[in-house]
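**Q** what follows is a predicted protein model with its sequence.
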2 protein chains.
Amino acid sequence: MTRQINDGSFWREFEKNDITHSAAHYLMAIDVLRDEYGYARVTDVAEMLEISRGAASMAIAQLKKRDWVTEDRNRFLLLTDDGRRMAKLVEHNFRILSQFFEEVLGVSKELALADACKMEHLMSLETGRRLVWLMRYILSDDKRSKEIQKAMSCFVPGCESVDYCPLCDSQEECMLTIDTCDVHGTKKRAMEN
Amino acid sequence: MTRQINDGSFWREFEKNDITHSAAHYLMAIDVLRDEYGYARVTDVAEMLEISRGAASMAIAQLKKRDWVTEDRNRFLLLTDDGRRMAKLVEHNFRILSQFFEEVLGVSKELALADACKMEHLMSLETGRRLVWLMRYILSDDKRSKEIQKAMSCFVPGCESVDYCPLCDSQEECMLTIDTCDVHGTKKRAMEN
DNA sequence: TTCCTTTGTTCAGCATAATAAACGAACGCA
DNA sequence: TGCGTTCGTTTATTATGCTGAACAAAGGAA
């Protein structure tokens, strides 16, 4: 099996993503602030995101250039239709991913939120929608939902928990048995011993 | 329902991720090159990733500082145990995600690879392992697998395809019916008309 | 030995995304 | 009116990650 990683400069699509992680959070902050307080100013965004007003000012200036943010009659910040769409896309991706990680995969709430927050702005609309579709299917039937929960509940995080994985038998290394347990490098590699 | 996005500076964990997207691809390039040609030099990595030798030289210097990369007796690049673990983690995340998107969600191969490549270095080891576990469960039973494929095959990407979503009834907006269809801003918003 | 190529490094320049500090304008009160 | 605070912006600085150009060292061919 040929490894299909690192084909040319395909990997650099990461840089050309529609929106950066920080831009997404600026948009969402404006959205949330307007929802909760009725208005959003540079200072409010800076406070909410815990960054300096200067940084917020510059970042929001870029968002205005991109036509994602404008000002209303009172000079308060306002999302454009495009800006709202981007904010909603990322918000929904976050909700979908965190719900999927927590409720289907059984990951702890904390880790589910952390993983979802990192990936939220990178999942395409189509993939996100299909993930909702899948969760709708899984969670709509109580029996099916319970079965999956049961299957996931016997999950064992250790390397040696499984000696054969039907998913990977065509590949050189199984994704479950491969030693990626101690990525942070405290333990010795298990497979060598 | 309170929105749990933008709580303080939690969103900035993105910056503190163990590994950057580019660093992950440098490590994987070295891994693949050694696998396929038996050695890896700065120039080979630069060629594979389609970046300048200068950039590769500087990036790899950083990876050496982090103790992810060293040199062998012949001064060829070599992954340390930690470097190998990081490379394997990202490679496996890529495989898991792309397989999940394509085979379970039914996303096109192209989009599955693009999404997976963007998210590969951000998914935690635990979440990745649990996703393999889920896929193992789903794909191990032919009947179950077919049922999911059937459920996913009636997926309709349009906004108006669903008028009630049992997943979202406790939330203010449904993730499926919400108008995030034309994120790239060519169409007019469907819900307003 | 001389010449040319390959290889790896360094440097200047650019873009992004952040901080910290300074500053002007507007607001609010006594 | 004047003082102090708030607000938004600007500037200098830092760090990352890239390009392109220059350059030194090593190797191969005549």
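**A** Everything's here; your move.
**Q** how near is the closest residue to A:L105 other than its chain neighbours to DNA strand D?
**A** Ranked by C-beta to C-beta, 6 or more residues apart in numbering or on different chains and with sequence neighbours excluded, the top spatial neighbour of A:L105 is B:R130, at 4.1 Å. For glycine as for every other residue, the C-beta is placed from the backbone atoms N, C-alpha and C. As judged by C-beta to the nearest atom of the strand, to the nearest Å, B:R130 and DNA strand D stand 28 Å apart.
**Q** residues in contact with B:R130?
**A** By C-beta atoms under 8 Å, 6 or more residues apart in numbering or on different chains, the contact list for B:R130 reads A:101, A:105-107, A:152, A:155.
**Q** touching, A:T43 and A:R53? I think so.
**A** Yes. The pair A:T43 / A:R53 is scored as a contact, 5.7 Å apart, by C-beta atoms under 8 Å.
**Q** stretch A:29-41 vs DNA strand C: in contact?
**A** No. Residues of stretch A:29-41 are not located near DNA strand C by C-beta under 7 Å from any atom of the strand, the shortest gap being 11.6 Å.
**Q** run the chain-centre distance for the helix ranked longest in chain A.
**A** Longest helix of chain A, by residue count under DSSP state H: helix A:81-99. Relative to the chain's own centre, helix A:81-99 is displaced by 10 Å; criterion: C-alpha atoms, centre = their mean, to the nearest Å.
**Q** buried ones in that helix, by neighbour count?
**A** A:82-99 (16 or more other C-beta atoms under 10 Å in any protein chain shown).
**Q** also near DNA strand D: which of those residues, exactly?
**A** Within the buried residues of helix A:81-99, nothing lies near DNA strand D by C-beta under 7 Å from any atom of the strand.
**Q** of those residues, list those near chain B.
**A** Restricting the buried residues of helix A:81-99 to those near chain B by C-beta under 8 Å from any C-beta of the partner chain leaves A:82, A:85-86, A:88-89, A:91-92, A:94-96, A:99.
**Q** nearest to A:A29, of those?
**A** The closest of those to A:A29 turns out to be A:E91 (C-beta to C-beta; 11.1 Å).
**Q** is it true that that closest one touches A:A29?
**A** No. Counting by C-beta under 8 Å, A:E91 does not reach A:A29; the two are 11.1 Å apart.
**Q** on that earlier part again, and the ones next to chain B among the buried residues of helix A:81-99 as CSV, adding pLDDT and distance to A:E15?
**A** Below are these laid out as CSV (pLDDT from 0 to 100; distance: C-beta to C-beta, whole Å):
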residue, pLDDT, distance to A:E15
A:D82, 92, 21
A:R85, 90, 22
A:M86, 92, 17
A:K88, 90, 24
A:L89, 91, 19
A:E91, 91, 23
A:H92, 90, 23
A:F94, 94, 21
A:R95, 91, 26
A:I96, 92, 24
A:Q99, 93, 29
